[in-house]
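A.B. asks: sequence and predicted model, in that order:
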Amino acid sequence: MGNVGESRSDRIDAGEGGTDRAIAASWDAEYRSGRYIGEPPLPFVDDIVAAARAHGLAPGCGLYVGCGNGRNYLPLVASGLDLVGLDLSSVAIAQLTHRASERTDRLVCGNISALPAGARYPIVIAIQVLQHGDEVTSHRGVQAAKELVAPGGLLCVRVNAVGSEVDYEHDVEERGDDGRCTIRYRAGPKRGLAVHFFSAPELRGLLQDGFEPVLPLRRSVTHRATPQQGSWSQWEGIWRREPARPR
Ligand SMILES: C[S@@+](CC[C@H](N)C(=O)[O-])C[C@H]1O[C@@H](n2cnc3c(N)ncnc32)[C@H](O)[C@@H]1O
């Protein structure tokens, strides 16, 4: 693993059209208004810890892409995972730094390009982050996350699933035969942003080469609290990268 202290960065490499800046601005506003504060960790955290222990990776180090302000990051660290926390939102990183000042040198504001070149991590966690952008962008994100996993390491993913009921006005910009789609919000906190919803075959296909499932893909459904209506679906899965072949 590279030394994250060397690459600590407040730089955000804006994608085409300044997309990363727009995503960061949207999430900055969410965190300023209290998003996730006081929320318990997702149950998926227990699966990640169990898989890490089963594969001899906990205690140990790793990377959490899109760590947010800590609802999952902090319990994962408490379980013995020494995670670099990476997030585009400077407000998320500031709040997380405030909650866990001893982790300051492991927290990085930026996208994957802020990590040391060639860095590989025994465990890579991406929870509700790889869905930002259109299909090409979100597929690139999955590929980039795969490349960050060391041989024999684990990739833990939770992403938007088809079947989610979107509560804000939006346009559907892309739709595949298997149901996958990309929407662009016309209203709400993500107004103007594109978000991708993966189908199960799409995600399995992306994770096929060089990886084997450890926790097979499953759907996690969250019902909105009344007076809101409808439900949100996420895919959750854990994959192991093939170990390096002996020479
Ligand atoms: C839905 S929130 C989830 C936060 C956290 N994983 C959790 O479950 O509490 C998505 C987070 O991903 C971050 N994010 C979006 N795109 C990113 C990227 N390309 N690189 C790093 N962080 C990103 C956002 O700033 C936001 O904090």
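C.D. replies: Looks like it arrived, so ask away. Numbers count the residues shown, from 1 in each chain.

A.B. asks: center of this structure - which residue?
C.D. replies: In the chain, the residue lying closest to the centroid (CA atoms, centre = their mean) is A126, at 2.7 Å.

A.B. asks: show me what it is bridged to.
C.D. replies: Following DSSP bridges, A126 is listed with bridge partners V65, V157.

A.B. asks: so who does W239 touch?
C.D. replies: L154, L155, V157, L207, F211, E212, P213, V214 (CB atoms under 8 Å, 6 or more residues apart in numbering). C-beta: built from backbone N, CA, C; applies to glycine.

A.B. asks: top of these by number of neighbours, please.
C.D. replies: Using other CB atoms under 10 Å as the neighbour test, these are led by V157, with 28 neighbours.

A.B. asks: could you give the mean pLDDT of the helix or strand harbouring C61?
C.D. replies: Using DSSP states H and E, C61 sits within strand 60-65. Averaging pLDDT along strand 60-65 gives 97.

A.B. asks: any part of the helix or strand that comes right after that strand near the ligand?
C.D. replies: Using DSSP H and E, the helix or strand that follows strand 60-65 in sequence is helix 73-78. No. Helix 73-78 lies out of reach of the ligand by CB under 6 Å from any ligand atom, never closer than 7.4 Å.

A.B. asks: buried residues, helix 73-78. List them.
C.D. replies: Y73, L74, P75, L76, V77 (16 or more other CB atoms under 10 Å).

A.B. asks: now the helix or strand encompassing A22: how far from the chain's centre is it?
C.D. replies: In the assignment (DSSP H and E), A22 maps to helix 19-32. Here helix 19-32 is found 15 Å from its chain centre; the criterion is CA atoms, centre = their mean, to the nearest Å.

A.B. asks: CA atoms of it as PDB?
C.D. replies: Extracted as PDB, the C-alpha positions of helix 19-32 are listed here (Å, rounded to 0.1, in the frame of the first residue of the first chain):
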ATOM      1  CA  THR A  19     -18.800  16.800 -12.800                       C
ATOM      2  CA  ASP A  20     -16.800  16.100  -9.800                       C
ATOM      3  CA  ARG A  21     -17.100  19.600  -8.600                       C
ATOM      4  CA  ALA A  22     -20.800  19.500  -9.000                       C
ATOM      5  CA  ILE A  23     -21.000  16.200  -7.100                       C
ATOM      6  CA  ALA A  24     -18.800  17.600  -4.400                       C
ATOM      7  CA  ALA A  25     -20.900  20.800  -4.100                       C
ATOM      8  CA  SER A  26     -24.100  18.700  -3.900                       C
ATOM      9  CA  TRP A  27     -22.700  16.500  -1.100                       C
ATOM     10  CA  ASP A  28     -21.200  19.400   0.700                       C
ATOM     11  CA  ALA A  29     -24.700  20.900   1.000                       C
ATOM     12  CA  GLU A  30     -26.100  17.600   2.200                       C
ATOM     13  CA  TYR A  31     -23.500  17.200   4.900                       C
ATOM     14  CA  ARG A  32     -23.900  20.800   6.000                       C
END
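
A.B. asks: in it, what counts as buried?
C.D. replies: By 16+ other CB under 10 Å, the buried positions in helix 19-32 come out as T19, D20, A22, I23, A24, A25, S26, W27, D28, E30, Y31.

A.B. asks: from the residues you listed, which is closest to the ligand?
C.D. replies: W27 (3.5 Å; CB to the nearest ligand atom).

A.B. asks: quick check: that closest one vs D47, distance?
C.D. replies: According to CB to CB, to the nearest Å, W27 stands 25 Å off from D47.

A.B. asks: S113 now?
C.D. replies: 29 Å.

A.B. asks: show me which of these two is the more surrounded one.
C.D. replies: D47 (18 against 13).
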